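J.: dropping a prediction and its sequence here:
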Amino acid sequence: MALLEIKGLKTRFFTEDGVVHAVNGISYDLEEGGTLGIVGESGCGKTVSVLSVMRLIPEPPGKIVGGEVLFEGRDILKMDPDDVRKVRGNRIAMVFQDPMTSLNPVLTIGRQIDEALELHMGMDKHQARQRTIELLETVGIAEAADRADDYPHQFSGGMRQRVMIAMALSCNPRVLIADEPTTALDVTIQAQIIELVKRLREDIGMAIVWITHDLGIIAGLAERVIVMYAGYIVERASVKDLYGDPRHPYTIGLLGSLPRLDETRKRRLFSMRGLPPDLIDLKPGCPFAPRCDYVIDRCWEETPPLEPVTLGHEIACWVDVKSSQPSKPAN
Amino acid sequence: MARAQSVVEVEKVEQRRRWWEFWRRFSRNKLAVVGLVVVFTMFFTGIFAPWLAPYSYTDQNLDAVEQMPSLAHPLGTDELGRDQLSRVIWGARTAVIIAPTATFFGVSLGLLFGLLAGYYRGWVETVIMRLADILFAFPGILLAILIAATVQGRIEAWLKGFEALEGFVKAGFAQVLVVIVALSAVGWPGMARLVRGQVLSLREEQFVEAAWAIGARPWRVIRHHILPNAMAPIVVSISMSMGGAIVAEAGLSFMGIGIRPPTPSWGALIIDNYSFWRSPAAPVLLWLPALIVGAMVAAFNFVGDGLNEALSPG
Amino acid sequence: MVTYVVRRLLWLPFLLLIIGLITFALGLYGPGDPVLVMMGQHANPEAAARVRHELGLDRPFLVQYADYVWKALHGDFGESLKYRGQPVGRLMAKRLTVTVQFNVVVMAVGVAVGIPLGILAALNRNNLIDYFIVLLTVAGISLPVLAIAPIAMWFLAARFHLLPSGGWDGIFSRRIIMPTLVLAIGPAAVFVRQTRANMLEVLDQDYVRTARAKGLREYTVIVAHALRNALIPLFTIFGLMLGGLVGGGIITESIFGIPGIGRLVWDAFGARDYPVIMAYTLLVAMAYTLANLFVDVCYRFVDPRIRYG
């Protein structure tokens, strides 16, 4: 049995302008100790899908309208609020995108880590602070004992993200969900944070869900990758297959827009035309059809299901890109 | 030629579309629409007061004083037998004259000083903002009272010089002018601070820097880049200060300054009838004008909220 | 920090000097000759001139003002023209104690009612409780004291005889209840509106989501994480009210017959008692400026971003 099993998750936002179909029935598993990457453009439902797992969707206007989230065999979506809180921060922890706004500005960072330890591990104030300082040292904060009494704005962005990671790891979670944790950081800091997470993954042995729009990061980190588009999973494969043999036109487009160092021949970078669809009035058919170079008539009528093409490699597409030519030339 | 015409045509359509979009966003706030209706009612009543009021606001009927509401006098009569309904209707006229004019002058001064301070910085800013600080530190309405008391005699004397205006002076024109002068003088610093703040933050925006970089003149930068973007808070504050002017007028009346009997204003009606607070006629003589003042403030605030939602981006 | 406070304090004398000058000028060139008010419209012109000379009112404007400033610096704010022979300073001090006591009670009620209601409204965003509180707030903000007072007085005093209609007997007397009720509605409404708005903004912040993701109880999330951030901006309003503390409500005190400083000024204005009006203006300007400074300093203690910023 997988550690975390998501089945047919659907999340909607009921706004004044209409119903936003943010997540439209996605399913995936996370094995004990495994690392899963979720990639896609901004607004494709990556973040909403993981917030739904933690039941952190603001309600209203959001609502999880369908599916199951099985963690260690129990459905989080059916738990009572007290049980959900015992999972949050304790069994499943999360690191957010923007370290500048994710820490409370009026509380010391030590206090913000202590409270999780006191809550989930039943430590007293002294034990908690002891552990907090250890954690801060683990994530590479110098003079941790002093800095625990500092406020978030006294730290740089990269340091704050380290604090967030220390906070997430404080109760030895089984799953760490990282929602674009490096997007807001400088490239050099990004690399440090990724190295840190890799090292901690070895030490603690937790499973990781890493969300990003940066395909480069995923390549060195995850074993399996999910590509999301307009609230759907459009392709799922091992890292090797996804990069070596992408099968969904959207994935091909994404990879085509990346510059590659190992390329000998000069080639024009591909840039995908059009914009992601408005999730308010999602039309029937494949959501990617309007931007797709391989589009056929069927794409406008039926939404393709996620189906295997080879072992462990699934796509949601009516077309086999191996045997068809783009109907429109790539620019 | 044909091309130029089509451009004008397109602009017209574009403008109409923008107005429609503005209205759509404004009317999403139901309270704002209610507020707008109330404000329109006030303007309508004020403008057409002579035709709407059943009696003259000065006609005394000493045989029918302090009457409870009846068919002849739907809101009863006051201590001099004047028809309360007519006085309330004429009060709307005073409000319709005072609120927009006092706001207009206050806002214009504030806009001018705020733009100057925010745009030129340096000593201009120091002088203007210090002046605003000083006016802010004055106790509440006392400055308006002192100004009103000081200019009252002068304005009356000045208006006496115009023979043709004699009738107006009698009709309380001078008093109205006094209130307008006092409220404008007190009203501008708030607007100046608001505008200056807007300009200061907009100066840092890239599009303003870009306009500067290509050598646009100051006035052009203000007109095309700064004003349109500072519009939302300014318009909102205009709407709110209309309600404020109506309350401030009542405060001046309380101090015996500005609108005085027999000229009716809602403020003056409250003050004149305050001695009826125990009387069974209090609801029509006293509460009604008081509640109208409150309702106007609320209405202008609602309209302000609606404008804010309609004008701010996003 | 110290430099900042000193700079702000250095501005105060200039502020008072200019405000004094404006008030003095408006008083001198304004209508209503205090001597005529004092002696009656039909006073003997010679006698009036003599009184005017005695009071020094026939000297050039700037000389009079300089004289005023010089005496004021020595704590002498002149004599009241209405209450002859009474030094303005002592007159004001007596009234000030009443006004400050009364306003402290009003502010305490405003805060005690306003902040919890604001939080309650924010936590019930867009349901009936929220709408009801917002409706009350709109009424409280829109209705001036002049509108609330007669209605409250009619119901509570005239009709049902539940409370005295006003007057002053110290803050522990029943007389204070009605004026407090009427006057606290405005500040309470302002606090509700601001608390609700801040709270809603804070509840949408990323760090509140972080707190929830930690598994904290909703109560802890709100009290330990959201509330403190939401209350900090309230200090600004608090400061403005603090400045108004000594000013007293001219209208309120007159309506309810509270012998405070606002009532004193109302009477002084009727009698063109300019020494009292002058002293009042200076007092309020000083209180306003010091209150603002106090708030700025307080911010440094409650908001770590400013403290170390």
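T.: Thanks, I have it.

J.: so which bits of the stretch 101-250 of chain C are right by chain B?
T.: C:138-139, C:141-144, C:146-147, C:150-151, C:153-154, C:157-158, C:244, C:247, C:250 (Cβ under 8 Å from any Cβ of the partner chain). No exception for glycine: its C-beta is placed from N, CA and C like everyone else's.

J.: which among those end up buried?
T.: Buried members of those, counted by 16 or more other Cβ atoms under 10 Å in any protein chain shown: C:138-139, C:141-144, C:146-147, C:150-151, C:153-154, C:157, C:244, C:247, C:250.

J.: dihedrals phi and psi, A:Val20?
T.: phi -90, psi 120 (degrees, to the nearest 10).

J.: if we can go back for a sec, from the residues of the stretch 101-250 of chain C next to chain B, which land in helices?
T.: Judged by DSSP state H, the subset of those located in helices is C:Val138, C:Ala139, C:Ile141, C:Ser142, C:Leu146, C:Ala147, C:Pro150, C:Ile151, C:Gly244, C:Ile250.

J.: in space, what's closest to the first one - neighbours in sequence excluded?
T.: By the measure of Cβ to Cβ, 6 or more residues apart in numbering or on different chains, the closest residue to C:Val138 outside its immediate chain neighbours is B:Ala298, 5.6 Å from it.

J.: pull the contacting residues for that neighbour.
T.: B:Ala298 makes contact with B:Gly35, B:Gly243, C:Val138, C:Ala139, C:Ile141, C:Ser142, according to Cβ atoms under 8 Å, 6 or more residues apart in numbering or on different chains.

J.: the closest residue to the last one other than its chain neighbours and chain A: what is the separation?
T.: For C:Ser142, the nearest residue in space outside its immediate sequence neighbours is B:Ala298; the separation is 3.7 Å by Cβ to Cβ, 6+ apart. Computed as Cβ to the nearest Cβ, to the nearest Å, the B:Ala298 to chain A distance reads 24 Å.

J.: run a quick neighbour tally on B:Val293.
T.: Neighbour count for B:Val293, taken as other Cβ atoms under 10 Å in any protein chain shown: 27.

J.: where along the stretch 51-200 of chain C do the helices fall?
T.: C:61-73, C:88-123, C:128-142, C:145-152, C:177-203 (DSSP state H, counting those that start in this stretch).

J.: mean pLDDT and distance to A:Ala219 added to these, as TSV?
T.: Below are these laid out as TSV (pLDDT from 0 to 100; distance: least, Cβ to Cβ, whole Å):
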stretch	mean pLDDT	distance to A:Ala219
helix C:61-73	85	78
helix C:88-123	90	45
helix C:128-142	89	49
helix C:145-152	86	69
helix C:177-203	90	38
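
J.: out of the ones you listed, nearest to B:Val303?
T.: helix C:128-142 (12.4 Å; Cβ to Cβ).

J.: residue numbers of chain C in contact with chain A?
T.: Going by Cβ under 8 Å from any Cβ, the residues of chain C near chain A are C:126, C:204-207, C:209-218, C:220, C:224-225, C:228-229, C:232, C:303-305, C:308-309.

J.: just checking, A:Arg174 touches A:Ala93?
T.: No: assessed by Cβ atoms under 8 Å, A:Arg174 is found out of contact with A:Ala93, at 9.1 Å.

J.: in terms of neighbours, single out the busier of these two.
T.: Remark: of A:Arg174 and A:Ala93, A:Ala93 carries more neighbours, 28 against 21, as counted by other Cβ under 10 Å.

J.: quick one, helices of the stretch 201-309 of chain C?
T.: C:206-213, C:218-220, C:228-231, C:234-244, C:250-256, C:261-270, C:274-302, C:304-307.

J.: which helices and strands does the last one pack with?
T.: Spelled out, it's helix C:304-307. helix C:274-302 (3 or more Cβ pairs under 8 Å, 6 or more residues apart in numbering or on different chains; DSSP states H and E).

J.: quick one: is the helix it packs on near chain B?
T.: Yes: using Cβ under 8 Å from any Cβ, we find that helix C:274-302 touches chain B at C:Ile277, C:Tyr280, C:Thr281, C:Val284, C:Ala285, C:Tyr288, C:Thr289.

J.: gap between that helix and the chain center?
T.: Averaging C-alpha coordinates over helix C:274-302 and over its chain gives two centres that are 10 Å apart (Cα atoms, centre = their mean, to the nearest Å).

J.: next, the buried residues of that helix.
T.: C:274-296, C:299.

J.: and that helix, what does it pack onto?
T.: Here helix C:274-302 touches helix B:122-137, helix B:142-160, helix C:2-29, helix C:88-123, helix C:234-244, helix C:261-270, helix C:304-307, going by 3+ Cβ pairs under 8 Å, 6+ apart.

J.: kindly check the end-to-end length of stretch A:286-297 for me.
T.: 11 Å (Cα to Cα, to the nearest Å).

J.: distance between that stretch and the chain's centre?
T.: Put simply, stretch A:286-297 sits 25 Å off its chain's centre (Cα atoms, centre = their mean).

J.: next one: stretch C:100-118
T.: 13 Å.

J.: contacts for it, please.
T.: C:133, C:136-137, C:168, C:170-171, C:176, C:179-180, C:183-184, C:186-196, C:199, C:231, C:234, C:238, C:241-242, C:244-246, C:248, C:253, C:258, C:260.

J.: got it, and stretch C:263-279?
T.: Under the contact criterion Cβ under 8 Å, 6+ apart, stretch C:263-279 has outside partners B:142, B:145-146, B:255-256, C:20, C:23-24, C:27-28, C:30, C:32-34, C:37-38, C:68, C:77-82, C:88-89, C:91-92, C:95, C:248, C:250, C:253-254, C:257, C:280.

J.: so what's the residue count around A:Asp17?
T.: Per other Cβ under 10 Å, the neighbour tally for A:Asp17 reads 9.

J.: looks like it contacts A:Ile280 (just checking).
T.: Yes: A:Asp17 is within contact range of A:Ile280, at 6.1 Å (criterion: Cβ under 8 Å).

J.: overlap in contacts of the two?
T.: Counting by Cβ under 8 Å, 6+ apart, nothing touches both A:Asp17 and A:Ile280.

J.: for chain A, which residue is closest to the average position?
T.: A:Ile211 (2.4 Å; Cα atoms, centre = their mean).

J.: I'd like the distance between the spatially closest residue to A:Thr101 that is not a sequence neighbour and A:Leu196.
T.: Leaving aside its chain neighbours, A:Thr101 sits nearest to C:Asp206 (4.1 Å; criterion: Cβ to Cβ, 6+ apart). Noted for C:Asp206: a distance of 21 Å to A:Leu196, by Cβ to Cβ, to the nearest Å.
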